[in-house]
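>>> Give me a 3D structure for the following:
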Amino acid sequence: MWLPRRSRWLLLLLVLAGLVAGKKTAKRPPRVLRGEKDFGGGSATAQGHGRPMQEQDGASSIPELTELPTWVDFYRDFVRTNKPVVIRNHASMQRAFGLWTDEYLSKHWGSREISVEMNKTEERGGPSVQLTINQFLQEMYKEERQGEFYAIIDFDSDKKAKADYDMLAPINCTEVVPQSLTLWMSSGGTKSVLHQDDAENFLMLLAGKKKVMLVHQDQARNIYANIAEVHGTSPVHQDAVDLVSFPRFANVTWLSGELGPGDSLYIPHTFWHQVNSEGRNLAANLWWGHKELDWRWWRPRDEREYNPRMFSTQGALSFDAMKARSPTEVPCTPLPARKSLKNVRFVDEGSWKGYIAKRQTREEL
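Take a look at the predicted model:
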């Protein structure tokens with residue numbers, strides 16, 4: 001049937017409008033940056049859909065050591081080769097181990113005001129409340145607070161707190177620079193987001209138990225780091241993996257391990273990690289760098305090369321290849337045994353990145 005040109009245009013517009021109306025647009029999942037489209041296309045029947053991260057397939061065990069390595073062995077076998085390791089009883093050598101009871105914390109820092117997260121299942125930017133440490137200690141064990149109260153307390157500039165920690169073996173070297181000493185505390189049941197940190201890291205467990213998931217830097221695309229609303233995190237929920245929205249997460253291979261009181265975990269620079277805690281939980285982490293190492297392999301201000309959201313994408317340098325630019329040996333001038341952190345100068349992340357950039361510029365001249 002012949003139609004006038006105007007009628008044909010109207011008919012075409014109606015057909016297109018019907019197609020648009022009939023097309024289902026995938027809703028942007030929580031934790032995904034507005035405007036991003038790299039999600040969807042998965043199936044609710046996929047193995048692991050709706051299950052917690054640490055119940056997904058693809059796990060193997062984190063290597064373990066029962067004796068302290070020397071700096072030479074630790075650097076060669078783990079730092080330079082980008083491999084995590086659990087060191088049993090490592091944290092039990094710290095003065096804080098056994099000393100940092102609730103009573104001790106209350107006595108020395110009870111009046112200090114801290115920000116306390118209201119949800120033990122971590123949400124970056126989620127609700128928080130300001131409490132003193134005394135108030136936190138009084139509230140966190142109450143039955144009505146079972147799913148609440150997760151404190152992250154930084155002690156970078158607190159000499160009293162730092163006096164209860166020694167420079168850790170095997171990094172007890174003048175060339176090692178601490179960046180941050182942070183306390184993680186709860187009555188148990190906390191679940192962190194899957195995230196990464198721009199530093200070498202020792203996580204020292206002082207009380208309780210932790211179950212840990214570690215994901216290699218080159219898995220960034222599979223964990224959808226490129227579309228996360230909060231940089232340095234994965235938008236995939238730690239309690240229930242949505243394989244409809246994030247189907248590539250089913251391809252993740254990861255390392256699994258458990259820490260008990262007195263154990264430590266070395267988490268290499270930029271390695272993704274998700275941590276669940278059980279029981280009264282007290283852990284300290286020390287972020288650190290090495291003056292004669294970091295500037296040789298890491299270019300933090302070059303986002304074309306160092307971009308944790310983009311490792312493993314086409315054309316990107318693999319993280320192992322980047323770390324392998326480190327020399328086969330780097331110096332470790334020993335500090336006295338049991339050297340307290342009390343008077344050790346900490347260098348914050350921004351200043352450390354500035355130091356690296358200056359060293360690189362100087363070496364290139």
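>>> show me where this structure has strands.
59-61, 64-65, 85-87, 113-117, 128-132, 150-154, 176-186, 200-215, 254-259, 264-267, 272-290 (DSSP state E).
>>> Which of these sits closest to Leu317?
Of all those, the one in closest proximity to Leu317, counting by Cβ to Cβ, is strand 272-290 (17.2 Å). The way it works is simple: take the backbone N, C-alpha and C, and place the C-beta from them, glycine included.
>>> who does that closest one touch, helix- and strand-wise?
strand 176-186, strand 200-215 (3 or more Cβ pairs under 8 Å, 6 or more residues apart in numbering; DSSP states H and E).
>>> I'd like these written out as a markdown table, with mean pLDDT added.
Output for the helices and strands packed on strand 272-290, formatted as a markdown table (pLDDT from 0 to 100):
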| stretch | mean pLDDT |
| --- | --- |
| strand 176-186 | 97 |
| strand 200-215 | 98 |
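>>> Can I get these in a markdown table including distance to Lys107 and mean neighbour count?
What follows is the helices and strands packed on strand 272-290, written out as a markdown table (distance: least, Cβ to Cβ, whole Å; neighbours: other Cβ atoms under 10 Å):
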| stretch | distance to Lys107 | mean neighbour count |
| --- | --- | --- |
| strand 176-186 | 15 | 22 |
| strand 200-215 | 17 | 22 |
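>>> Adding distance to Val79, write these out as CSV.
Shown next, in CSV, are the helices and strands packed on strand 272-290 (distance: least, Cβ to Cβ, whole Å):
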stretch, distance to Val79
strand 176-186, 11
strand 200-215, 7
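>>> And those strands: which comes nearest Glu55?
strand 200-215 (10.0 Å).
>>> Do you have the helices of this protein handy? List them.
5-22, 71-74, 102-109, 133-139, 159-162, 294-297, 319-323, 349-364 (DSSP state H).
>>> returning to that earlier point: reformat the strands of the chain as JSON lines; add distance to Asp302.
Below are the strands of the chain laid out as JSON lines (distance: least, Cβ to Cβ, whole Å):
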{"stretch": "strand 59-61", "distance to Asp302": "32"}
{"stretch": "strand 64-65", "distance to Asp302": "34"}
{"stretch": "strand 85-87", "distance to Asp302": "29"}
{"stretch": "strand 113-117", "distance to Asp302": "33"}
{"stretch": "strand 128-132", "distance to Asp302": "34"}
{"stretch": "strand 150-154", "distance to Asp302": "28"}
{"stretch": "strand 176-186", "distance to Asp302": "20"}
{"stretch": "strand 200-215", "distance to Asp302": "19"}
{"stretch": "strand 254-259", "distance to Asp302": "28"}
{"stretch": "strand 264-267", "distance to Asp302": "23"}
{"stretch": "strand 272-290", "distance to Asp302": "17"}
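>>> Out of the ones you listed, flag the one nearest Val236.
Closest approach to Val236 among these (Cβ to Cβ): strand 272-290, 9.4 Å.
>>> got the CA positions of that closest one in PDB?
Output in PDB follows, covering the C-alpha atoms of strand 272-290 (Å, rounded to 0.1, in the frame of the first residue of the first chain):
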ATOM      1  CA  TRP A 272      44.000  -6.800  45.300                       C
ATOM      2  CA  HIS A 273      42.700  -8.200  48.600                       C
ATOM      3  CA  GLN A 274      39.500  -8.900  50.400                       C
ATOM      4  CA  VAL A 275      39.500  -9.700  54.100                       C
ATOM      5  CA  ASN A 276      36.800 -11.300  56.400                       C
ATOM      6  CA  SER A 277      37.300 -11.300  60.200                       C
ATOM      7  CA  GLU A 278      36.100 -13.500  63.000                       C
ATOM      8  CA  GLY A 279      36.000 -13.000  66.800                       C
ATOM      9  CA  ARG A 280      37.400  -9.900  68.600                       C
ATOM     10  CA  ASN A 281      39.600  -8.700  65.800                       C
ATOM     11  CA  LEU A 282      42.600  -6.500  66.100                       C
ATOM     12  CA  ALA A 283      45.100  -6.100  63.300                       C
ATOM     13  CA  ALA A 284      47.700  -3.600  62.400                       C
ATOM     14  CA  ASN A 285      49.100  -3.000  58.900                       C
ATOM     15  CA  LEU A 286      52.300  -1.300  58.000                       C
ATOM     16  CA  TRP A 287      52.600   0.200  54.600                       C
ATOM     17  CA  TRP A 288      56.200   0.700  53.500                       C
ATOM     18  CA  GLY A 289      58.600   1.500  50.600                       C
ATOM     19  CA  HIS A 290      62.300   1.000  49.900                       C
END
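>>> Next, the buried residues of it.
272-277, 280-290 (16 or more other Cβ atoms under 10 Å).
>>> quick one: low-confidence ranges for the stretch 151-300 of the chain?
Applying pLDDT under 70 to the stretch 151-300 of the chain flags no residue at all.
>>> Leaving aside the residues adjacent along the chain, what's closest to Gly126?
The spatial neighbour of Gly126 that comes closest, neighbours along the chain excluded (Cβ to Cβ, 6 or more residues apart in numbering), is Asn119 at 5.4 Å.
>>> Quick check: the one you found touching Phe149?
No: if you go by Cβ atoms under 8 Å, Asn119 and Phe149 don't touch, sitting 9.1 Å apart.
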